[in-house]
Each structure stands twice: as structure tokens, then as C-alpha cells.
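Asks: sequence and predicted structure, then a few things I'm wondering about:
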Amino acid sequence: MTEQQVEKNSRGAAWKELPAVAPDIRSMYLPELKQLMEEMGDKPFRAKQLFGWLHEKRVESYDEMTNLPAGLRGKLQEQYPLHTLRVVDMQESRLDGTRKYLFALHDGNVIESVWMKYRHGNSVCISSQVGCRMGCRFCASTLGGLVRSLQASEMLEQIYRIQQLTGERVSNIVVMGTGEPMDNYDNILRFVRLVSMPEGLGISQRNITVSTCGIVPRIYDLAEADLAITLAISLHAPEDEKRREMMPIADRYSISELLDACRYYFKKTGRRLTFEYALAADANDAESDALRLAGLLKGLNCHVNLIPINPVKERKYGRSGKKVVLNFQNKLEKCGINVTIRREMGSDIDGACGQLRKSYLDNQEKHT
Ligand code: SAH
């Protein structure tokens with residue numbers, strides 16, 4: 001075995017993403033647009049103009065790109081049709097103004113995104129896939145399986161449309177909606193780079209959090225990708241057996257492999273990790289779980305986010321009581337772990353991840 005192979009093996013079982021789809025025009029980097037312009041027989045400087053229309057002015061059609069020659073616009077329209085998201089439904093919380101958008105993609109699939117207002121700015125939670133194939137047993141997003149991955153443009157569009165609809169700037173992004181971002185690795189990278197470019201929205205990578213159920217080899221890849229984002233790990237249990245009950249991905253990668261990858265990520269990027277821990281009654285919320293968790297995370301520069309489970313009717317997991325949650329937090333704090341309880345936004349419009357989409361699909365089924 002070569003040294004490289006040995007190293008690969010210690011990085012957990014390999015992960016196979018779905019076959020790659022060629023990037024659409026709003027997912028292309030500037031050098032790719034330059035090449036495209038050349039292929040179309042036009043001048044490379046057009047690429048910058050085009051990029052500006054797509055990502056700075058964020059127009060919805062080629063007709064609006066008035067400084068591009070009509071001939072080029074026609075060719076682009078023919079070969080690279082521009083897609084935008086269409087709002088299908090919107091729910092607004094009367095408690096805190098949180099909005100959930102249900103968007104239709106050009107192929108008729110629907111995805112949801114959430115807009116949250118905080119004192120420090122506006123945050124958007126985006127979806128990274130249509131459905132999900134990770135199968136976490138407390139989650140609504142995965143009930144219908146995976147339909148397809150989103151292009152970088154379709155992730156960008158969630159932010160672009162929400163800014164347009166609310167008329168307010170988005171300053172923070174969390175990739176915590178439907179889908180597993182590390183199962184759509186190349187497009188997530190494109191998305192992060194494009195959304196943080198000064199020629200586009202220019203959202204600082206430090207204000208972007210990407211959450212993963214723990215696809216170990218991709219965490220190593222991300223550590224090398226030279227990004228300044230925050231990585232959040234959905235841990236949810238302090239031992240393999242319990243974690244396997246909640247998350248099929250735990251059959252593939254052990255907690256110890258996962259934490260090795262996290263330590264590597266910190267060593268490479270210097271970015272503090274977040275661990276998400278969804279508290280489910282009588283599943284993972286005992287004091288002994290808190291102590292075990294504290295033991296696991298000792299010495300790791302991290303932050304724990306406790307999420308009281310949002311019960312999904314098709315799933316057996318229930319929410320831990322308030323007292324249990326506070327006690328769990330207390331125990332971790334006493335062990336010197338940095339911990340917060342996730343503030344619930346829009347609890348009146350509710351819905352755990354993927355529930356708005358799910359009820360929409362259920363309704364459609366009823367009517368056909
Ligand atoms: N696939 C990624 C990101 C999507 S979910 C991941 O697993 O991290 C974002 C977070 O919400 C994850 O921590 C996920 O485990 C959690 N989550 C999903 N369904 C939930 C529910 N019903 N209640 C509470 N948290 C949930």
C-alpha cells in the first residue's frame with residue numbers, strides 16, 4: 001500500500017457522491033465564464049460584465065444585461081437559460097418575524113429556506129439538496145429520500161431571492177436546511193466561494209456555517225479547501241451504539257473517526273467547531289450522556305449547540321422536557337464545555353427541517 005492509501009484508510013470509508021452535473025451559468029467562476037466567452041467567439045472582458053449582472057445586480061433575464069451585445073444575449077439564452085426561484089408559499093411568524101419560503105425550482109421540485117432576523121443581522125438557512133439520503137431517524141427532510149443535489153446557483157438563488165423579497169441585506173448563512181452538504185461537496189464549495197466574492201454579495205466566510213451529519217473523508221477535504229467557514233457537526237449522541245440508532249451515517253463512521261477529523265479540521269483551519277446535539281426524550285438526554293459528551297469533547301476547541309428535538313409525526317422521537325435540557329446544559333458547563341441552547345425561531349409557524357416541503361408534497365398527493 002502506498003503512503004497515500006494508508007492515509008486515506010485512516011480517514012474512514014470512502015464516500016461516493018452522486019455523479020457530477022455540469023455547472024450552469026450562475027454557478028460558474030469568473031475564469032470559467034472567460035473560457036465560455038472565448039468559446040462563444042466573444043471577448044474575455046465580457047465575462048466580468050456577465051458576472052456582475054448575475055451576482056451583483058442579480059438580474060433574472062439576459063434582456064436586462066444591456067451592455068452585452070444582443071447576439072451574445074441570444075446565444076446565451078439558447079444555450080444557458082437562466083433560472084430563478086419562484087415563491088410557492090411563505091409563512092411568517094407573528095412572534096419574531098421569521099419567514100419560511102417554499103421555492104419551486106425550474107424542474108418543478110420544491111425546496112424551503114428560512115429567513116431569521118437577529119439583532120446582529122439577518123440570517124438565512126438554506127437547503128443544499130432536494131430531499132436527503134442520510135436517513136436520520138428524527139428528521140423530516142429525509143422521509144421521501146433524495147431527489148437530487150442542488151447546483152451552486154440554486155443555493156445562491158435562495159439568498160438572492162430572499163434579499164429581493166425582504167428588501168433587507170443578509171449577513172449570515174447557515175447551510176442547515178434540507179440535504180447533506182457534504183453529499184454535495186463540489187457545489188457547496190462553489191456556493192461558498194461565489195457568495196463570499198466581493199464582486200457578488202460579499203458575505204464573509206466567517207458568517208457562513210455548514211452543517212454535516214459527519215461524512216468523515218469530506219471533512220478532511222474541507223480542511224484543505226482554504227475556507228474560513230464554521231463547520232457544525234451533528235453529533236446527537238455520545239456513543240456509537242446510541243448514535244447508530246438515531247443516524248445511519250454512524251454505521252459508516254465511528255465517533256472516534258469523526259472526532260479525529262474534527263481535530264484535523266481545527267488544526268488546519270484554526271476555526272472553532274460547533275457540535276449540534278438534538279435532545280430527544282429518553283434517547284440521548286440522560287445526565288450520563290452529558291458527562292460522556294463532555295469527556296469526548298474535552299480539549300477540543302468547540303461549542304455545543306443543544307437543540308430540543310422538533311417532533312416529526314412520522315418519527316418516534318419526542319422532545320426532552322425543559323428541565324432536562326437545562327440540566328444537560330448545566331452538566332456540560334460544569335465540565336468546562338462551551339454550550340448554548342438553540343433559540344427557537346418562528347415556533348408558531350414551526351416545522352422542523354423539511355416540514356413545510358413535506359406538507360406541501362403530501363397535499364399535492366391528496367389532490368392528484
Ligand atoms: N444534513 C446536515 C444539515 C441539515 S439539518 C446535518 O445533518 O447536519 C440541520 C440540523 O438540524 C442537524 O443537526 C440535524 O440533525 C437537525 N435536525 C434535523 N431534524 C431535526 C428535528 N426534527 N429536531 C431537531 N433537530 C433536527
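Replies: Nice, thanks for sending it over. Computed from a prediction, not measured in an experiment: that's the story for all the values here. Numbering: from 1, shown residues only.

Asks: who in the stretch 51-200 of the chain is up against the ligand?
Replies: 134, 136, 138, 139, 176, 180 (C-beta under 6 Å from any ligand atom). C-beta: built from backbone N, CA, C; applies to glycine.

Asks: only whichever of the residues you listed are buried, select them in PyMOL.
Replies: What follows is the PyMOL syntax for the buried subset of these, where burial is set by 16 or more other C-beta atoms under 10 Å:
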select buried, resi 134+136+138+139+176+180
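
Asks: restricted to helices, list the residues of the stretch 51-200 of the chain next to the ligand.
Replies: The members of these all map outside helices under DSSP state H.

Asks: what is the rounded mean pLDDT of stretch 131-149?
Replies: Average pLDDT, stretch 131-149: 95.

Asks: repeat that for stretch 222-240.
Replies: Stretch 222-240 comes out at a mean pLDDT of 98.

Asks: touching the ligand at all, that stretch?
Replies: Yes. With C-beta under 6 Å from any ligand atom as the measure, stretch 222-240 is seen reaching the ligand through residue 234.

Asks: now residue 130, what are its backbone angles?
Replies: phi -90, psi 110 (degrees, to the nearest 10).

Asks: SS state for the nearest residue to it once chain neighbours are set aside?
Replies: Excluding its sequence neighbours, the residue lying closest to residue 130 (C-beta to C-beta, 6 or more residues apart in numbering) is residue 147, at 4.0 Å. For residue 147, the assignment made with DSSP: H, G, I helix; E, B strand; the rest coil gives strand.

Asks: measure residue 147 to residue 135 for me?
Replies: Using C-beta to C-beta, to the nearest Å, one obtains 15 Å as the distance from residue 147 to residue 135.

Asks: neighbour count: these two, which is higher?
Replies: residue 147 (17 against 14; other C-beta atoms under 10 Å).

Asks: that one reaches residue 110, doesn't it?
Replies: No. Using C-beta atoms under 8 Å, residue 147 is not in contact with residue 110, being 9.8 Å away.

Asks: find residues that contact each of those two.
Replies: residue 130 (C-beta atoms under 8 Å, 6 or more residues apart in numbering).

Asks: re the thing from before, of all the residues of the stretch 51-200 of the chain next to the ligand, which comes closest to residue 288?
Replies: Checking these against residue 288 by C-beta to C-beta gives residue 138 as the nearest, at 20.2 Å.

Asks: for the closest one, give me its contacts.
Replies: With C-beta under 8 Å, 6+ apart, residue 138 has these contacts: 246, 278, 280, 309, 312, 315, 317.

Asks: among those residues, which are in reach of the ligand?
Replies: By C-beta under 6 Å from any ligand atom, the members of the contacts of residue 138 lying near the ligand are 278, 309, 312.

Asks: now, those that are in helices?
Replies: Secondary structure from DSSP H places none of those in helices.

Asks: of the residues you listed - the most surrounded one?
Replies: Going by other C-beta under 10 Å, residue 278 tops those with 26 neighbours.

Asks: which strand residues bridge that residue?
Replies: Beta-bridge pairing of residue 278, defined through DSSP bridges, involves residue 307.

Asks: how near is it to residue 248?
Replies: Distance from residue 278 to residue 248, by C-beta to C-beta: 15 Å.

Asks: over to residue 200?
Replies: To residue 248, residue 200 is 36 Å away according to C-beta to C-beta.

Asks: higher neighbour count, the two?
Replies: Neighbour count, other C-beta under 10 Å: between residue 200 and residue 248, residue 200 has more, with 19 against 16.

Asks: now do the contacts for the residue nearest to residue 130.
Replies: Residue 147 touches 109, 129, 130, 131, counting by C-beta under 8 Å, 6+ apart.
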